[in-house]
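Colleague: Curious how this folds, go ahead:
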Amino acid sequence: MRNNNMMIITDLDRSLLRNDKTISDYTIDIFHKCRERGIIISFATARPIRSTAKYLEIIQPEGVIFHNGAVVSAGANILKRHGITPHRTREIVTGVEKDFPGATISAEINDVMYTNFVTPDNSPFVKIDFNDLPDMDADKIIVGSISLEQIRTLEKYLTDELYLEINDGKYGFFMNKNASKWMGVIELSKYFGIDPGDTIAFGDDINDLTMIKNCGKGICMRNGLEEVKAVADEICEDNENDGIAKWIQKNIL
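Modeller: Got it, this is the predicted structure:
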């Protein structure tokens, strides 16, 4: 039996991935069985493209939402980019650097992370004078190494096009307002010709909340945040115990 009118979307860290960042053979097999039935598989992650590559090879999803929705792709095709303009990027990073000299600041541009701090050898990050950033939109800007109260003051840099997301109480993420996992789900649904009501989303964290709330069925991991569990339709087992795969086997396969 094939089901070309269903899409499964899953977060990666603390959802599909175990705590050691691996995927069990059982989960891999379940996703391959989904594909055999014609179910569309997609990832929705805060990760950049470069750190998702090995999981794309293992599961081979048809669609991927990167950077919490700043980049949406189907196969090799980039469907949408929702970035921060070069002018606004420079304004934010140089302003924050001046306000908080000890802050770590990074701008993700074209799958390269440009930073104001030195990183270990072989790191994918590139230390740069922010006045020399590439003249391209940033997918996101990340600020860390300052207090939660200081992160909240970064809202003064927001415009009508941007929002500030606080991650783990330690980092501030500047993002385009059109960049969210749920908006990415809408883009993929259009591309694959699937009604968003026929999508099933799995996740655990705040950046999964709107996706879980608005998809046809939203499933929160048992290890997920209480705020996410509150809007989910169901709770599955945790990421260490193949929660997603077990739910799919029981309810779909």
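
Colleague: helices or strands next to the worst-scoring helix or strand of the chain on mean pLDDT in the packing?
Modeller: Taking mean pLDDT, DSSP states H and E as the measure, the chain has strand 125-127 as its least confident helix or strand, at a mean of 85. With contacts taken as 3 or more CB pairs under 8 Å, 6 or more residues apart in numbering; DSSP states H and E, strand 125-127 sits against strand 112-115. C-beta coordinates here come from the backbone N, C-alpha and C atoms, glycine included.

Colleague: for the strand it packs on, packing partners?
Modeller: Using 3+ CB pairs under 8 Å, 6+ apart: strand 112-115 touches strand 104-109, strand 125-127.

Colleague: deepest of those strands, which one?
Modeller: Among the helices and strands packed on strand 112-115, strand 104-109 has the highest mean neighbour count (mean count of other CB atoms under 10 Å), at a mean of 22.

Colleague: tell me the pLDDT at the nearest residue to residue 224 once chain neighbours are set aside?
Modeller: In space, and not counting its chain neighbours, residue 224 is closest to residue 204: 3.5 Å by CB to CB, 6 or more residues apart in numbering. pLDDT for residue 204: 96.

Colleague: quick one: low-confidence ranges for the stretch 101-250 of the chain?
Modeller: Along the stretch 101-250 of the chain, the model assigns pLDDT under 70 to residues 120-123.

Colleague: Could you rerun that using 90?
Modeller: Under the criterion pLDDT under 90, the flagged ranges of the stretch 101-250 of the chain are 117-128, 131, 165-170, 206.

Colleague: would you list every one of the strands in this structure?
Modeller: Assigned by DSSP state E, the chain shows strands spanning 7-10, 40-44, 63-66, 71-74, 77-81, 104-109, 112-115, 125-127, 140-144, 162-167, 171-176, 199-203, 217-221, 234-236.
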